[in-house]
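# mind looking at a prediction? Sequence and model below.
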Amino acid sequence: MSEGDDVTDIERVGVVGCGQMGAGIAEVCARAGLDVMVAETTGEALEIGRTRLFNSLSKAAERGKISEEELTATQDRLNFTTDLGEFADRDLVIEAVVENEQVKTEIFQVLDQVVTRQDAILASNTSSIPLVKLAVATSRPDQVIGIHFFNPAPVQKLVELIPALTTSEGTLSRAQLFAEKALGKHAIRAQDRSGFVVNALLIPYLLSAIRMFESGIASREDIDNGMEMGCAHPMGPLKLSDLIGLDTVASVAYSMYEEFKEPLYAAPPLLQRMVDAGRLGRKTGSGFYTYD
Ligand SMILES: CC(=O)CC(=O)SCCNC(=O)CCNC(=O)[C@H](O)C(C)(C)COP(=O)(O)OP(=O)(O)OC[C@H]1O[C@@H](n2cnc3c(N)ncnc32)[C@H](O)[C@@H]1OP(=O)(O)O
């Protein structure tokens, strides 16, 4: 390694989507001192996202994790737009929209048109959609990679790096430097197989807990207490499903089932019914539990 090889060259980041994950990723990047541009589809969605992000920053300040000066400086590093055209000068764009292949593909096609920097990295926070499909939707498949964060992004130390078959070694090492040096995360690498490392292990466990609840073997509280108190998990599987979002759990399970056709990845009917009912967990105020 020559001198400077361990310094990230990424200073301007774009985040597409300001939902739960997008807002968390934007917060992590802005707190790391990077210039961040966040995009949403409508002014209303942008306002909701901005409020979510600024509330989270204010909480961090209240808890003494950042000073009042850092709060102001971090807010100043965050810019918001409904126009992806403003991503022209970004060194790295992280797409963090719904787990829907068509929606993500269309965003990658647009990013390919609007991001003018020749060496920009186009990344997806997808949990399960094949990165190669997003890569080949662009004219620069060597610069597309998965950078997968965990919820809540400001808290969880891990990111998964997922190169597609087309991703260059240079893109992978720049993404790793970004994750580790700029953000201070721990990066693990996984092949482009649905679920990568963490969800390949986590999703079957969450689905098993939902099946257990659905079949009446135990109450939701006893299932969650079982794993919290029996195995020292920070939250039980039903609470965790509510945190991730039941629509996301179902979408990831669907992609994994499509890929492997293994029954352990098949979403139980109760999960699908709850998604159909709009009970998506914390973000809608009700899932396995209800929230204020
Ligand atoms: C589906 C996918 O593709 C990938 C995924 O995301 S899988 C999901 C991965 N996430 C998990 O497994 C979450 C497991 N749960 C946890 O880690 C913890 O329960 C939790 C961090 C969510 C909450 O922890 P807790 O101890 O119950 O609550 P709380 O005391 O409020 O928070 C603990 C710390 O996290 C911080 N925190 C909690 N939620 C936060 C948020 N949304 N944003 C920023 N910080 C947050 C708190 O400020 C607190 O920090 P300090 O201890 O430094 O003060």
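Right, received. Where do you want to start?

# and the pLDDT for the one residue in the stretch 1-150 of the chain that gets nearest to the ligand?
The stretch 1-150 of the chain approaches the ligand most closely through residue 127 (3.3 Å), counting by C-beta to the nearest ligand atom. All C-beta atoms are positioned from the backbone trio N, CA, C, and that covers glycine. Here, the pLDDT recorded for residue 127 equals 89.

# residues in the stretch 1-150 of the chain within reach of the ligand, list them.
Residues of the stretch 1-150 of the chain lying close to the ligand by C-beta under 6 Å from any ligand atom are 56, 63, 127, 150.

# for the first one, what are its contacts?
Translated: residue 56. By C-beta atoms under 8 Å, 6 or more residues apart in numbering, residue 56 lies in contact with 23, 24, 27, 154.

# ok, now with 10 Å
Contact partners of residue 56, counting by C-beta atoms under 10 Å, 6 or more residues apart in numbering, are 23, 24, 26, 27, 152, 153, 154.

# distance of it relative to residue 42?
21 Å (C-beta to C-beta, to the nearest Å).

# same deal with residue 148?
In this view, residue 148 and residue 42 are 26 Å apart by C-beta to C-beta.

# the more surrounded of the two?
residue 148 (27 against 9; other C-beta atoms under 10 Å).

# and that one, what helix or strand is that in?
Using DSSP states H and E, residue 148 sits within strand 144-149.

# just the C-alphas of that strand, formatted as PDB.
The C-alpha coordinates for strand 144-149 follow below in PDB (Å, rounded to 0.1, in the frame of the first residue of the first chain):
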ATOM      1  CA  VAL A 144     -21.900  -0.100  -8.500                       C
ATOM      2  CA  ILE A 145     -21.800  -1.800  -5.100                       C
ATOM      3  CA  GLY A 146     -24.000  -2.700  -2.100                       C
ATOM      4  CA  ILE A 147     -23.300  -0.800   1.100                       C
ATOM      5  CA  HIS A 148     -25.800  -2.200   3.600                       C
ATOM      6  CA  PHE A 149     -26.400  -0.500   6.900                       C
END
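
# by contact count, what packs against it?
Strand 144-149 is packed against helix 20-31, strand 92-95, helix 101-114, strand 121-124, helix 131-135, strand 158-163, helix 169-177, strand 186-189, with contacts defined by 3 or more C-beta pairs under 10 Å, 6 or more residues apart in numbering; DSSP states H and E.

# so for residue 71, which of the ones you listed sits nearest?
Comparing the helices and strands packed on strand 144-149 by their distance to residue 71 (C-beta to C-beta), the top pick is helix 20-31, with 9.7 Å.

# what angle do that closest one and strand 144-149 make?
90 degrees (axes from the mean of the first three to the mean of the last three C-alpha atoms, to 10 degrees).

# near the ligand, which residues of the stretch 151-292 of the chain?
151-152, 154-156, 199, 202, 234-235, 240, 244, 248, 252.
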